Every structure is written in C-alpha cells, then in structure tokens.
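**Student:** Below are the sequence and a predicted model; questions follow.
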Amino acid sequence: MMKQSKIPNIDPHFSESSYVVNREQFKNYDPAAMSKNAQCSYDPKSGKFEVMVLNEIYFVDYPSGIVLDAKGEEFDNYSVKIFILRYLMNANAQASTEEWVSFKEFPDGPLYYSNFHARCLQVFAQIGNQKPEALKDYMTALHAQSLKKGDLAWRFTVTPGLELIWILWFGDDEFEAEGQILFDKKITNVFNIKDLAILGDVLMISLKTFTVSLDSEKK
C-alpha cells in the first residue's frame, strides 16, 4: 500500500494514470542511451537507474518504470515520478545554450501560462516574500549560485543536465511580490509545455516540503 504524504497543503497534481502511461512508454527506450543522455547512472545487474532531483535520490526500475525513493520505497508524489520518467526518456545530452527563456516563450506557453503562474510563480513569490530566510536556506541546501538579479536570484541544478534560474522581487504596500523562473533554451528540445507544468509542481512541492520541515524544527 502506497504511503500517504505527511506534508500538509500539498496536492500532487498529476495522476497515477499518467504515471502508468509513462511507465508503459519507458520500457520501449534503451537504458544505456537514457543513462548517457540524462547523465544518470544505470546498473544493468539490478536494472536500476539512480537519479538525483533537487538533491534527493530516487531509483527507477527498468523496464517497469517504477520510481522509488532513496530508501527504495514507494511514495505518493506522482509529479516527481512522471518528471523523472519524462526526463530519462527525452534528455538528449545537449550542452547548455546559456540562453534563458521564460515559460511564456515556449511553444504553447501563453496558452498554459495562467495555470503555471498560479500554481508555480505565485507560490514561489509568496513563500519567498513571507519567508526569505527559509528560501535562502533552501537554495543553500541545493548548492545554488547567487545571482545579481531582482531582489534575490539563484541558478541551480534540478537534475544533472537541467538548470534553472529563480528570480524574486519582494512585494510592498503597492505591489505584490513577483517571481520568475527561467529555463535554458535547450529544454525546448527535451520537454513539452505540459512537462514544464509538471516540473513546476516538482519545484513547489520540494520548496513547500523544505519550509514545512523548517517550521517543524522550530516548534
């Protein structure tokens, strides 16, 4: 039986059925090629990939596509499971372009932007504005590189070969806090716009989990 998340106010957005569909696709890909292109280790003897996502280790069984946590156990965050499978299947080992683009600049980005803004950018901005020290601690935990953009900004690795830039502008009495996420343009050859929405969920669940954990430690 799958464990239930103990983190409050976190709703894994993407469903078990989508996870099953991606697992069915996953078995049709060559594991050696996926390992090379996604820069993730694969052990042919055990049939398992080891994938690092936001400083957390996950294992993926081949060919079943079952994604397990660092303890080798099931968990209920379908967003991260689907993200990992999609990345393994579609990564292409292309070098970073160092050309950074926003969600809106992706094909079909404007069509899905309102949802991404509400589920990801606004959440990031609110947490950063209300708990800037917690956000800084989270970035430190990810070994992020501080940048001189906005009020706070970092460049960090989501998974090997995939980097993002986060930018935060604090709010005041006149203006709400604003957040921006920039993606290396090479991701347009890896992910479609729905994959980016999944990535947004992965980011926000991770950030919420970290801040909730900090709050619990203080009690």
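**Tutor:** Arrived safely. Numbering: from 1, shown residues only.
**Student:** Helices of this protein, start to end?
**Tutor:** 16-26, 31-38, 78-90, 109-116, 122-130, 132-141, 193-218 (DSSP state H).
**Student:** Mind listing what's buried along the second one?
**Tutor:** Spelled out, it's helix 31-38. Neighbour-count burial for helix 31-38 flags 31, 34-35, 37-38 (criterion: 16 or more other CB atoms under 10 Å). (Glycine included, C-beta is placed from N, CA and C.)
**Student:** likewise the longest one?
**Tutor:** Within helix 193-218, the residues scored as buried using 16+ other CB under 10 Å are 193, 195-212.
**Student:** Quick check: residue 25 touching residue 89?
**Tutor:** Yes - here residue 25 reaches residue 89: they are 6.5 Å apart, a contact under CB atoms under 8 Å.
**Student:** who's more crowded, these two?
**Tutor:** residue 89 (18 against 12; other CB atoms under 10 Å).
**Student:** ok, how many other residues are close to the nearest residue to that one once chain neighbours are set aside?
**Tutor:** In space, and not counting its chain neighbours, residue 89 is closest to residue 29: 5.3 Å by CB to CB, 6 or more residues apart in numbering. Other residues within reach of residue 29, judged by other CB under 10 Å, total 17.
**Student:** What separation is there between residue 29 and residue 150?
**Tutor:** For residue 29, the distance to residue 150 equals 39 Å [CB to CB, to the nearest Å].
**Student:** How about residue 23?
**Tutor:** 39 Å.
**Student:** between the two, who's got more neighbours?
**Tutor:** Counted by other CB under 10 Å, residue 23 and residue 150 do not tie: residue 23 has more neighbours, with 19 against 15.
**Student:** so what's that one up against?
**Tutor:** 64-66, 85 (CB atoms under 8 Å, 6 or more residues apart in numbering).
**Student:** The closest residue to residue 193 other than its chain neighbours: neighbour count?
**Tutor:** Residue nearest to residue 193 in three dimensions, not counting chain neighbours: residue 108, with 4.5 Å by CB to CB, 6+ apart. Burial measure for residue 108: 11 neighbouring residues, criterion other CB under 10 Å.
**Student:** So residue 108 is in contact with residue 196, correct?
**Tutor:** No - between residue 108 and residue 196 there is no contact under CB under 8 Å: 9.8 Å.
**Student:** Confirm for me that residue 188 is in contact with residue 108.
**Tutor:** No - using CB under 8 Å as the test, residue 188 is too far from residue 108 to be in contact (11.0 Å).
**Student:** Could you check the pLDDT of residue 213?
**Tutor:** Note for residue 213: predicted pLDDT of 76.
**Student:** er, residue 14 actually
**Tutor:** Confidence score, pLDDT, at residue 14: 63.
**Student:** on that earlier part again, out of the contacts of residue 23, which are buried?
**Tutor:** Using 16+ other CB under 10 Å, the buried ones in the contacts of residue 23 are 65-66, 85.
**Student:** and those as JSON lines, adding distance to residue 154 and pLDDT?
**Tutor:** Below are those laid out as JSON lines (distance: CB to CB, whole Å; pLDDT from 0 to 100):
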{"residue": "65", "distance to residue 154": "32", "pLDDT": "98"}
{"residue": "66", "distance to residue 154": "32", "pLDDT": "98"}
{"residue": "85", "distance to residue 154": "27", "pLDDT": "97"}
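**Student:** which one of those is nearest residue 136?
**Tutor:** residue 85 (31.6 Å; CB to CB).
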